[in-house]
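*Asks:* Fold the following.
(chains A and B)
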Number of protein chains: 2
Amino acid sequence: MDKGNIKEINEIITIGRVLTDPSDLFSYSFDASFGTYIPEVVVQAKDVHEIAELVKFANRALIPITPRGQATSLSGGPLPVNGGIVLDMSTMNELIEIDTEDLTAVVSPGVLTSKIHQAAEKVGLMYPPDPSSSHVSTIGGNLAENSGGPRGLKYGVTKDYVIGLEVITPQGEIIHTGGRTVKNVTGYDLTKLIVGSEGTLGIITKAILRLIPKPPASETVMAIFDSLMDAGAAISKILTSGILPAKLELMDQASMEAVENYEPSGLPIDAEAMILIELDGHPAAVKDEAQKVSHLCLEVGARKVKIPQTETEKADVWKARKLVSPAIVRIKPTKISEDATVPRSKIPEMCRRLQEIKRKYNIHLVVFGHAGDGNLHPNIIADKSDKEEMKRVEQAVTEIFQSAIELGGTLSGEHGIGTMKSPFMEMELGEAGLDMMKKIKHAWDPNNILNPGKIFPQPGQKLVLSE
Amino acid sequence: MDKGNIKEINEIITIGRVLTDPSDLFSYSFDASFGTYIPEVVVQAKDVHEIAELVKFANRALIPITPRGQATSLSGGPLPVNGGIVLDMSTMNELIEIDTEDLTAVVSPGVLTSKIHQAAEKVGLMYPPDPSSSHVSTIGGNLAENSGGPRGLKYGVTKDYVIGLEVITPQGEIIHTGGRTVKNVTGYDLTKLIVGSEGTLGIITKAILRLIPKPPASETVMAIFDSLMDAGAAISKILTSGILPAKLELMDQASMEAVENYEPSGLPIDAEAMILIELDGHPAAVKDEAQKVSHLCLEVGARKVKIPQTETEKADVWKARKLVSPAIVRIKPTKISEDATVPRSKIPEMCRRLQEIKRKYNIHLVVFGHAGDGNLHPNIIADKSDKEEMKRVEQAVTEIFQSAIELGGTLSGEHGIGTMKSPFMEMELGEAGLDMMKKIKHAWDPNNILNPGKIFPQPGQKLVLSE
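*Replies:* The predicted model follows:
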C-alpha cells in the first residue's frame, strides 16, 4: 500500500480514526490464537457510509480488509494475514435498543456481548448466547464466528438469535437481511449465511437479535466422579431422561488440578471428573429437576453430588469452571484451545481418544467444556519457543481433528476455522462440499478483498505451529 | 424434450419409475397454490445415485428439474413452470432412524412429517416444527420451504432443527452439509442456506434433524374477546409477562363464522376474536402459567376465559382452529392463503389495515394464524372464474404485502416465495439485497436447471391471478 492509498483512506474516514503508527499497527497484529501479522493501516470505524466507501475503495485498489472486534478469537479470524487494512469495529459501540414488545435488541457491532445480557435482563428478558469471553468480546465478533457458550445446550448459539443484519457487501453496497420478525422465509437466508462466515462475505454494521423471557429461576447440581467414563454415562443418562439442562459442563482431572494450583478452592483433584449442571425455568420445575438429576448421577456411581442452596454457593461452584482458562496458561505460556465437537453419544469415546493422544505425544492436555452438546475443549498447553514440543503439538492437534471427524463430529463447534483449521476443511467437507462454499465466496467477493486467507486452505497448506 | 431425452432418463432410472402418460403428467401439474403447469416427464425417485445421474444429464441437456414432495405448497414451490422433469421425492420415504442418545432423527425426504412426530414421541422425544399440513406434507417439502407452524412461537421453525443434509448439487455432485452435532461452525452454513431455498440450490436426499425431550405436560387456555384490539393487547401482555407459550393462535370473527357454518360447535360468532394458548413444560409450571395467562386475559377485557380440564376438552378447543382451513373453502372455491408477517408489536395495526383492505376491495377476507410470532394468515376466499373479483383480489394481496413491509415485516413467514410472491421481492430486499441472492443461484446453478421460475422475478413480472 503506498502513501496515496493512505491519503485516500484519510479522506474517506472523517468520523473515525486512521492509524499508521508502528506501535498501533503492532497492537492489531494478533488475536487469542497463533501468529503475528502486521497490518498496513488500521481504521477505527464509526459510520456505516464511510465504511461502505472504504470497502468500495479497497475493492478498486485490491487492498485486503480484515474486520475485527476485540480480537478474542481462538482461530485467527481477525488476523490480517495478507496485510492491508484492519477495520476496527469495536469503536462502533453505541447502539443497544431493547424492544420489550417485539422481544428484540438492535445493536451495533462494537457492543460488548455482556452489555446486551445486562440490558436485556434489566427488563426481564434474556439474550441466551453466552460465550465465556462475553465480558470482553464484541457482538460483532460473536456474529462473525457464530459463538456458542455453555447455554448452547438448551438455547442454541449466536445464529439462533439473529433475525436481521445490516451488512456492507464486498462491493461496498449496504444491504439489509432478514428483519424484525422471528419468521421470515423471503428468499435465501443471507442472515444465517453471513453469521459465522468470519468476515469473509460482508461487514456487519448492525444486528437485530431475538430475545426471550428470562427464566424466573435456576438450580445448579455438581457431581464428582472417580471415573471419566462414569461421568460420560451420567451425561448420557441426564440427556435422555426428558430433562434439558441449560448448561452441562465437564472438567477433567487435569483441569481441576490446574484450577487448584491457580486458586485453591477444595476441588477433588483425586477424582477423574466433575460435571456441573444448570437447570432453568419455573421455580417448581427446576427444584424437581435438580433432585432428579442428582439421583441420576448417584445411580451411575457419582462419588458426591451437591445442590448449592444460596446464590453465593452457586457462584462458587461455577467459578471453578470459569477459572480453567486463566489457570492453565500458568502452566506454560502457549495455549492451543480446540473445540472439535462430536455427537453426544461419542463423548466417552472421544475422551478415551484424547487421553491416548495425550500419552502418545507426551503433551500437556486438559479437557473441559460443554459436554452436554458434545462440544469439548481439549486445550494443549505448551511453550511456542520449544520447537520440538510444538512439532508434537502439531501432530496431536491433527489427530484430535481426525478423531472428531471419524466419530461423526466436526472440526469446530464454536471457535471458527480462521487460519488454524483451514488445512483440515477438505477432510471434513470433501472436495465437492468445500467447492460449493468457494463458489459463494468467489461470486460475492471476486477480488478476495474481505478477510482473505481464512476458512479456505491454500493449495498444500498444512498446520504449522512450530516456527 | 424429445424422445431421445425420455429414453436416456429411462436408462438412468432403474429403481424408481418414469411417467409420461398425460393423465400422470396432469396429476403433477398443480399444488395448493395457483396455476397449472404440465411437466414433460415425471420421475419417481428412489435412489440417490440415480438422481445424481439424472441431474448431471439434465444439466448437460438443459432440462429443468422441479423437485416436489406432496405438493401442499401454498406459494407454488413444486409447480414445473418451465416444463421439463418433475422429480417426485415422496417415493423416497423409507428412512426414519431415531437416535435416543444423540437426540437426532435421520430421515429420507419423502417421509411425512407426522410420522417423524410419532416416531420421536414414541421414545419420549419431540420434533417441534408442526406445520398444519404435517399429516399430508413431506419433510422434504418442509425443508425446501422452511415450514413453520403454531409451535414456532416457542420452538422456532424447520431450519432450527436441521443439523445436517445430504444434497445433490445442480452439477449432480452428492455433498454432505453439517453433521450429527448441534454445534458446527466449519465454514459457511450450507445447511441453513439450502433449507428454505425452495429446491433452487440443490435436491435434499437425506436430513439429520435435532430432537428435544418431549415436554411432560401441557395446558390450554381459550379466551374470547368482544374487540379484536383487546385480543391484540392480551397477546402483547402475555408475551411480555415472562411466559413463553408453545402456541398462541388467533381466530377472527370471520374464521369463527366459517367454522360454525361448516361444523357447528358453539363458537361465539358475535365476538370479534378468540385466542388459544398452549403452555408446555413441567406439570407444576404449566398449571401455574395457565392461571397467570387467564388472569392477564381477563385484565385486558376478555369476555370469557376457559382452561379445558380433560384431554377431550382440550382437543375440542384446538379442533376449531384446525377446521378454519377446510371451512373457508366451503364459502367460495378459490383460497389465497397469505402469510405476510409483522413484528409482534404491529399485530393490532396489521389487523386494522387488513379490515380496511377487506372493505376497500369488497373481498371475503378471513384472518387467523400464529399471532404470537406476528405470523398472521389473511386468507382471501374468491372464485377464480370471476375475473372482476380476481382483479380486486390481486390488488388486495398487493396491498397486504405493502402493509406488512411498511410495518417492518416480511412477505412470507412460512409459506415461501415460489411464483406467488416473486414480483414483490425487490420491494422487501432492495435491488442490492436481491442481487446477492441471485449471485448465489448463478454461482451454483449457472444453467438455471433447478426449479427455475421461483423466488426471483422475471423483469417486469406482476402478480396475476385473474387469467
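
*Asks:* Which residue ranges of the stretch 51-200 of chain A form strands?
*Replies:* Ranges of strands in the stretch 51-200 of chain A, per DSSP state E, counting those that start in this stretch, are A:65-68, A:85-88, A:96-99, A:104-107, A:125-126, A:162-168, A:174-178.

*Asks:* Could you dump the ones you listed into a markdown table and include mean pLDDT?
*Replies:* Formatted as a markdown table, these follow (pLDDT from 0 to 100):
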| stretch | mean pLDDT |
| --- | --- |
| strand A:65-68 | 98 |
| strand A:85-88 | 98 |
| strand A:96-99 | 96 |
| strand A:104-107 | 98 |
| strand A:125-126 | 96 |
| strand A:162-168 | 98 |
| strand A:174-178 | 97 |
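
*Asks:* Around chain B, pick out the residues from the stretch 201-350 of chain A.
*Replies:* The stretch 201-350 of chain A comes close to chain B at residues A:201, A:212-214, A:216, A:236, A:239-244, A:281-282, A:284-285, A:288-289, A:341-345, as judged by CB under 8 Å from any CB of the partner chain. Yep, even glycine has a C-beta here, placed from its N, CA and C like the rest.

*Asks:* Mind listing residues that contact stretch A:302-322?
*Replies:* A:132, A:218-226, A:230, A:234, A:249, A:251, A:256, A:259, A:265, A:267-268, A:271, A:274, A:276, A:278, A:290-291, A:294, A:297-298, A:368 (CB atoms under 8 Å, 6 or more residues apart in numbering or on different chains).

*Asks:* could you flag which of these are buried?
*Replies:* Taking 16 or more other CB atoms under 10 Å in any protein chain shown as the criterion, what is buried in these is A:132, A:218-226, A:230, A:234, A:249, A:251, A:256, A:259, A:267-268, A:271, A:274, A:276, A:278, A:290, A:294, A:297, A:368.

*Asks:* Which ones among the residues you listed lie within strands?
*Replies:* Among the buried ones among the contacts of stretch A:302-322, the members falling in strands (DSSP state E) are A:218-225, A:249, A:251, A:274, A:276, A:278, A:368.

*Asks:* List just the nearest of these to residue A:87.
*Replies:* Closest approach to residue A:87 among those (CB to CB): residue A:368, at 33.6 Å.

*Asks:* Touching, that closest one and residue A:249? I think so.
*Replies:* Yes: the criterion here is CB atoms under 8 Å, and residue A:368 meets it with residue A:249 at 7.2 Å.

*Asks:* how deep is residue A:14 tucked in, by neighbour count?
*Replies:* By other CB atoms under 10 Å in any protein chain shown, the residues close to residue A:14 number 10.

*Asks:* per-residue confidence at it?
*Replies:* What the model reports as pLDDT for residue A:14 is 96.

*Asks:* Nearest residue to it in space, please, no chain neighbours.
*Replies:* Of all residues not flanking residue A:14 in the chain, residue A:50 sits nearest, at 6.8 Å (CB to CB, 6 or more residues apart in numbering or on different chains).

*Asks:* Let me know the angle separating the helix or strand containing that neighbour from strand A:174-178.
*Replies:* Using DSSP states H and E, residue A:50 sits within helix A:48-61. Angle of helix A:48-61 versus strand A:174-178, following axes from the mean of the first three to the mean of the last three CA atoms, to 10 degrees, is 110 degrees.

*Asks:* Let me know the angle separating helix A:48-61 from strand A:162-168.
*Replies:* With the same axes, to 10 degrees applied, the angle from helix A:48-61 to strand A:162-168 works out at 60 degrees.

*Asks:* got a list of what residue A:381 touches?
*Replies:* Per CB under 8 Å, 6+ apart, neighbours of residue A:381: A:328, A:329, A:331, A:332, A:334, A:335, A:364, A:365, A:366.

*Asks:* can you rerun that using 10 Å?
*Replies:* Contacts for residue A:381 (CB atoms under 10 Å, 6 or more residues apart in numbering or on different chains) come out as A:254, A:258, A:328-337, A:363-366, A:393.

*Asks:* Give me the buried entries from the residues you listed.
*Replies:* Judged by 16+ other CB under 10 Å, buried ones among the contacts of residue A:381: A:254, A:258, A:328, A:331, A:334-337, A:363-366, A:393.

*Asks:* I'd like those written out as CSV, with pLDDT and secondary structure added.
*Replies:* Below are those laid out as CSV (pLDDT from 0 to 100; DSSP: H, G, I helix; E, B strand; the rest coil):
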residue, pLDDT, secondary structure
A:254, 92, helix
A:258, 93, helix
A:328, 89, helix
A:331, 86, coil
A:334, 90, strand
A:335, 90, strand
A:336, 90, strand
A:337, 90, strand
A:363, 96, coil
A:364, 94, strand
A:365, 94, strand
A:366, 93, strand
A:393, 95, helix
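
*Asks:* Which members of those are the farthest-apart pair?
*Replies:* A:258 and A:393 (17.3 Å).

*Asks:* Please enumerate the helices of the stretch 351-467 of chain A.
*Replies:* Taking DSSP state H, counting those that start in this stretch, the helices of the stretch 351-467 of chain A run over residues A:387-406, A:425-444.

*Asks:* Among the ones you listed, which comes closest to chain B?
*Replies:* Checking the helices of the stretch 351-467 of chain A against chain B by CB to the nearest CB gives helix A:425-444 as the closest, at 3.6 Å.

*Asks:* Give me the buried positions along the closest one.
*Replies:* When burial is assessed from 16+ other CB under 10 Å, helix A:425-444 yields the following buried residues: A:425, A:428-429, A:432-434, A:436-437, A:439-441, A:443-444.

*Asks:* follow-up on the earlier one: name the nearest of the buried ones among the contacts of residue A:381 relative to chain B.
*Replies:* residue A:337 (14.2 Å).

*Asks:* check contacts around the closest one.
*Replies:* Contacts for residue A:337 (CB under 10 Å, 6+ apart) come out as A:32-33, A:74-75, A:325, A:328-329, A:366, A:369, A:377-381, A:415, A:420.

*Asks:* ok, stretch A:28-44 near chain B or not?
*Replies:* No: shown here: stretch A:28-44 not in contact with chain B (CB under 10 Å from any CB of the partner chain), separated by at least 14.4 Å.

*Asks:* Quick check: nearest residue in space to residue A:170, chain neighbours excluded?
*Replies:* Excluding its sequence neighbours, the residue lying closest to residue A:170 (CB to CB, 6+ apart) is residue A:445, at 3.7 Å.

*Asks:* ok, now which ones touch that neighbour?
*Replies:* A:59, A:169, A:170, A:171, A:200, A:201, A:202, A:451, A:452.

*Asks:* where do the helices sit along the stretch 1-150 of chain A?
*Replies:* With DSSP H, counting those that start in this stretch as the criterion, the stretch 1-150 of chain A has helices at A:3-12, A:22-27, A:48-61, A:113-122, A:139-145.
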